[in-house]
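Undergrad: Got a sequence here, can you build the structure:
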Amino acid sequence: MICRKNEEKKVRYRTDRCFRVGNDWYFATREGKDIGPYKNRVAAERAVPRYVKIMLEDKTSGIYARRIAMEGLWASTLYA
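TA: Predicted coordinates:
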């Protein structure tokens with residue numbers, strides 16, 4: 001079994017990160033947060049790498065970006 005760094009070896013179910021609720025699209029984070037809404041699946045999929053990159057970047061912008069994401073404002077900002 002291939003695991004991510006620092007993950008325990010156990011059965012995990014990896015599902016599609018993007019999903020739809022009504023007419024809105026979201027993506028799920030590893031932390032269990034749903035980020036969105038986006039107008040379509042393509043927009044949600046394109047936002048994922050940007051989100052991951054920002055979360056891994058320097059501490060200053062990362063802290064601000066995390067706060068925006070956790071407050072549900074990520075999709076409506078220039079970060080997305």
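
Undergrad: Against which helices or strands is the longest helix along the chain packed?
TA: In the chain, assigned by DSSP state H, the helix with the most residues is helix 41-56. Packed against helix 41-56, as judged by 3 or more Cβ pairs under 8 Å, 6 or more residues apart in numbering; DSSP states H and E, are the following elements: strand 18-21, strand 24-28, strand 34-38, helix 59-70. Yep, even glycine has a C-beta here, placed from its N, CA and C like the rest.

Undergrad: now stretch 20-38: how far from the chain's centre is it?
TA: 8 Å (Cα atoms, centre = their mean, to the nearest Å).

Undergrad: just stretch 34-47 next, same as before
TA: Relative to its chain's centre, stretch 34-47 lies at 9 Å (Cα atoms, centre = their mean).

Undergrad: out of the helices and strands packed on helix 41-56, which comes closest to residue 45?
TA: When those are compared by Cβ to Cβ, strand 18-21 sits nearest residue 45, at 5.5 Å.

Undergrad: list the buried ones in the closest one?
TA: Neighbour-count burial for strand 18-21 flags residue 18 (criterion: 16 or more other Cβ atoms under 10 Å).

Undergrad: any residues touching that strand, and which ones?
TA: By Cβ atoms under 8 Å, 6 or more residues apart in numbering, the residues outside strand 18-21 that reach it are 25, 26, 27, 28, 37, 41, 44, 45, 48.

Undergrad: what's the pLDDT at the residue lying closest to the last one once chain neighbours are set aside?
TA: So that's residue 48. What sits nearest to residue 48 in space, not counting adjacent residues and going by Cβ to Cβ, 6 or more residues apart in numbering, is residue 27, at 5.2 Å. On pLDDT, residue 27 comes in at 91.

Undergrad: Give me the distance between residue 27 and residue 39.
TA: As judged by Cβ to Cβ, to the nearest Å, residue 27 and residue 39 stand 13 Å apart.

Undergrad: Mind checking which of those two has more residues around it?
TA: Using other Cβ atoms under 10 Å as the criterion, residue 27 and residue 39 rank with residue 27 on top: 23 against 12.

Undergrad: Identify the residues contacting that one.
TA: Applying Cβ under 8 Å, 6+ apart to residue 27 gives the contacts 17, 18, 19, 34, 35, 36, 44, 45, 47, 48, 51.
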